[in-house]
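>>> below: sequence and its predicted model.
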Amino acid sequence: MTIGELKEEILGKWEGAPAAALSVCIIEYLASLPAEELKFLTFRSLAKATPSKMVVTAELAAAVNILTGSLSLLDVHGLLIDEYEREYDLDDDEFAAARTTNSVVHPETGQIITNAAAHIVPYFVPTDRFYRAIK
Amino acid sequence: MTDIGDRLSAIYESLAGGPGAVSFDFLLSATHAERVSVVRNAVDFIVRDHVQTRNLRQGRSEDQLTIDVVSGLKGMGFRAWHDAQIGGHTDISVEGKDGFLWLCEAKKHSTYEWLLEGFVQLGAYCPGLEGQDAADILIFHYAVDSEAVMNEWISRLDSAGLDVQILPHTGDTLTRFSRHKHLASGRTLEFRHKIVPLHWQTLKASKARAKQPKA
Amino acid sequence: MSITSTILGMSKRIPWSVGSLILYSMGLPRGRGWEKTIEAYEEPTKRASKAADDLENALTEHALAGEKLVRLYDLEPTEIAALREALKTHVSEVPLELSQLILDTNSDVASAAPLLVGVVVVPGGIAAVYSSIRTMPEREALSMDETIGETRDDVESVFAMVNVPYRAFDVVFLPAWGTRAELRMDFPISAPQESIALAVNQVEVAFAEDVGFEALSSPTNLFPLIDKMYQDTAEGIVVELHFNTTAGSTHSARTRRRSANLRTDPYHNAGVKGLTAPIQPFSVTIRWQLPVDAKRNALPELTLHSGSAEREKANPFLGTFVVRRCSSISDFDHVRDRIHHHLDAEQSDAA
């Protein structure tokens, strides 16, 4: 699948949804960057890819939902930042548990940190499917 | 602390509990159970809006109402479509990661037989595999007293001889859950039944009183 | 030894990510975090009880090769042979059971000076284990009412730094082959490096007394390995780097993702390419992925950390390296063997 086919697929499947055009913008922006710069994309950095350089909005969330869903172009993971500003890349299982319980196990101390949402940065990484498409 | 705005709490704060928060919930969800629950939240979000604006939705066909829901889901970034070819066809389908599939029969209420037919069809269309074993029956209701219709529907379903387990309602009497065995896979399907009260009539108080069902 | 106290001992010493990997690799239950895990072993299953010895063993391996600050000493063949002989006379007849000792941080065995608690023979060598009590600072939230009351309305919270005692295990390790002795000092992530510097001297002195002569006096210079291991692209992934440039500036770079590698990081590399002379690293952290099974990896980490000013000297010196997140002796050995490999190459170049 080429990037052109991918865009066509999105605009077809999400016909009428404003988020579709936005997700195409994000794909174009990401495709313009060297692969090495795509390793840690925060939600806000995806916002920068949109024409209005807008901040976080519902439409952006919808656009990223398109890219992470069954199209499987982006994967999402979580980074924990503790009270000493030390950073830990979370296992996907722990990230999932942190979201459902709003508590996270500190990888070093093994203690539970409550209010996990305030300590976790979700980040996005393009999938192999994305890289195959932009080749 | 330059990345404070990148944290989950800040993102959800910006999305302010609106449709964006539902989209974000779905893109983060890691299990099929989570996905089902988020899709249902999305549907709730959409039909809540439909109920609020029901004065503008009078006289819409079943198909139009269904398309409204599908558009709402697509607007939130869900891969949703109408009338898909899934073992026959269902009214609404939503697809997600790891083979996730949620189906929905959307029925404009006319008769209970019509609902029962929808229920049986939905059971037949459901693949019944993991992540493909939850579905909704959405009942658009234009007449008065949706709660009574829901109660009647549930009691008819219970006595239809289909071996369906009805779960006790959890406060919201317009939403009920049932479980039954999937014919092909033998696994348990969980269906949600949700009625959408769309009755609209501008009435004077005296007439409204007269319309109240007699005790 | 009961599995309950072993788990408790593990929780006092082993980083959670490592401890939970150890339990996972043994097929034993884990809770979310140490507290829930300890609860899960309060009434252990038969299967867990059977694994008690294996777990105690894992705890001992951690004491021998867990979070460590390490010095190497290149000795004469006759010296190391004499040390091996001297240590043999101390070899413990019963296996070391450390969990009880770990849990006991205030009895009369809780001396500040290192005490030889055992000598064990492990595959690859012989290890003398010294125990002492050290402290590490921990942040503790204080009650606002009891500290500043209502005198300040611009203060959100008040913390105290509390010195928490912990049981340290410092190890002198003599490999079965070669002439390079090791001093492995306990180095939990929150422990201040200054407190270790003092302890290093204490253990060197105690060891000299126990074997009858002073052998561990001049540690091997590891500074050249910073450059060598950073530049060897086959050597794990670089997760942190500090370096000087000839333009007179000092830079730091750190990856945020577990699998990201600074050697291939675009910002880092673009910066490096913009320079006419090569960068001069003075601190590097390298991480290896060692598969436990198809799903999970042990992620041992090596840090060679010196300072910017040291780098500028004619003969910069670095006497220690730090190894973290080893789940077993074999993880530690992997890292140490990589050090040996580069050190051997360096020494034969010099010769």
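The structure has been received and is ready for your questions. Numbers count the residues shown, from 1 in each chain, chains lettered A, B, ... in the order given.
>>> list the contacts of the spatially most distant residue from the centre of chain A.
Within chain A, the residue lying farthest from the chain centre (C-alpha atoms, centre = their mean) is A:T109, at 27.8 Å. Counting by C-beta atoms under 8 Å, 6 or more residues apart in numbering or on different chains, A:T109 makes contact with C:15-16, C:34. Just so you know, the C-beta spots here come from the backbone N, C-alpha and C atoms, and that holds for glycine as well.
>>> which residues in chain A form strands?
With strands called from DSSP state E, chain A shows them at A:41-42, A:74-81, A:87-89, A:103-105, A:112-114, A:120-126.
>>> of all these, which lies closest to B:I139?
B:I139 sits nearest to strand A:74-81 of all these, at 34.9 Å, using C-beta to C-beta.
>>> so how far is the closest one off the chain centroid?
8 Å (C-alpha atoms, centre = their mean, to the nearest Å).
>>> over to stretch B:142-157?
15 Å.
>>> how about residues contacting that stretch?
Stretch B:142-157 is contacted from outside by B:58, B:108-109, B:112, B:115-116, B:119, B:139, B:141, B:164, B:166, B:173-174, B:176, B:178, B:193, B:195-199, B:211, B:213, using C-beta under 8 Å, 6+ apart.
>>> residues of chain A that sit close to chain C?
Applying C-beta under 8 Å from any C-beta of the partner chain, we find that chain A lies next to chain C at A:34, A:36-37, A:39-40, A:77, A:79, A:83-84, A:87-89, A:97, A:101, A:103, A:105-112, A:123, A:125.
>>> in ChimeraX, how would I select the buried members of those residues?
Here is the ChimeraX selection string for the buried members of the residues of chain A next to chain C, based on 16 or more other C-beta atoms under 10 Å in any protein chain shown:
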select /A:39,40,77,79,88,89,97,103,105,106,107,108,109,110,112,123,125
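>>> closest point of chain C to chain B, which residue?
Per C-beta to the nearest C-beta, C:R256 is where chain C lies closest to chain B, at 9.5 Å.
>>> three-state assignment of that residue?
coil (DSSP: H, G, I helix; E, B strand; the rest coil).
>>> give me every residue that touches it.
Contacts of C:R256 (C-beta under 8 Å, 6+ apart): A:40, A:79, A:87, A:89, A:123.
>>> repeat that for 10 Å
A:39-40, A:42, A:79, A:81, A:87-89, A:121, A:123, B:3, C:239 (C-beta atoms under 10 Å, 6 or more residues apart in numbering or on different chains).
>>> which of these sit farthest apart?
Going by C-beta to C-beta, the pair spanning the contacts of C:R256 furthest: A:T42 and C:V239, at 19.1 Å.
>>> name the residue in the two with the higher neighbour count.
Using other C-beta atoms under 10 Å in any protein chain shown, the more surrounded residue of A:T42 and C:V239 is C:V239, with 22 against 19.
>>> in a strand, that one, correct?
Yes: per three-state DSSP, C:V239 lies within a strand segment.
>>> hang on, isn't it packed against C:Q289?
No: counting by C-beta atoms under 10 Å, C:V239 sits too far from C:Q289 to count as a contact (11.6 Å).
>>> what is in contact with those two at once?
Shared contacts of C:V239 and C:Q289, defined by C-beta under 10 Å, 6+ apart, are found at C:258-259, C:299.
>>> let me know the closest of the residues you listed to chain A.
When the shared contacts of C:V239 and C:Q289 are compared against chain A (criterion: C-beta to the nearest C-beta), the nearest one is C:R258, at 3.9 Å.
>>> with adjacent residues omitted, what lies nearest to the closest one?
Excluding the flanking residues, the one nearest C:R258 by C-beta to C-beta, 6 or more residues apart in numbering or on different chains is A:D89, at 3.9 Å.
>>> please apply the same query to A:A17.
Per C-beta to C-beta, 6+ apart, closest to A:A17 is B:K74, 4.3 Å.
>>> now do the buried residues in the helix or strand where the one you found lies.
Assigned by DSSP states H and E, B:K74 falls within helix B:62-75. Going by neighbour count (16+ other C-beta under 10 Å), the buried part of helix B:62-75 is B:65-70, B:72-75.
>>> and if you look at stretch A:46-55?
Result for stretch A:46-55 [16+ other C-beta under 10 Å]: buried residues A:46-47, A:49-50.
>>> JSON lines for the residues you listed, including pLDDT?
Listed next are the buried residues of stretch A:46-55 as JSON lines, based on pLDDT from 0 to 100:
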{"residue": "A:L46", "pLDDT": "91"}
{"residue": "A:A47", "pLDDT": "88"}
{"residue": "A:A49", "pLDDT": "80"}
{"residue": "A:T50", "pLDDT": "78"}
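>>> return the per-residue confidence for the most centrally placed residue in chain C.
Geometric centre of chain C, nearest residue: C:K68, 2.0 Å, by C-alpha atoms, centre = their mean. We note a pLDDT of 97 for C:K68 in this prediction.
>>> write the ChimeraX selection for whichever of the shared contacts of C:V239 and C:Q289 are buried.
The ChimeraX selection below is limited to those of these classed as buried (16+ other C-beta under 10 Å):
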select /C:258,299
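>>> among the shared contacts of C:V239 and C:Q289, which one lies nearest to C:E61?
Of the shared contacts of C:V239 and C:Q289, the one sitting nearest to C:E61 (C-beta to C-beta) turns out to be C:L299, at 16.4 Å.
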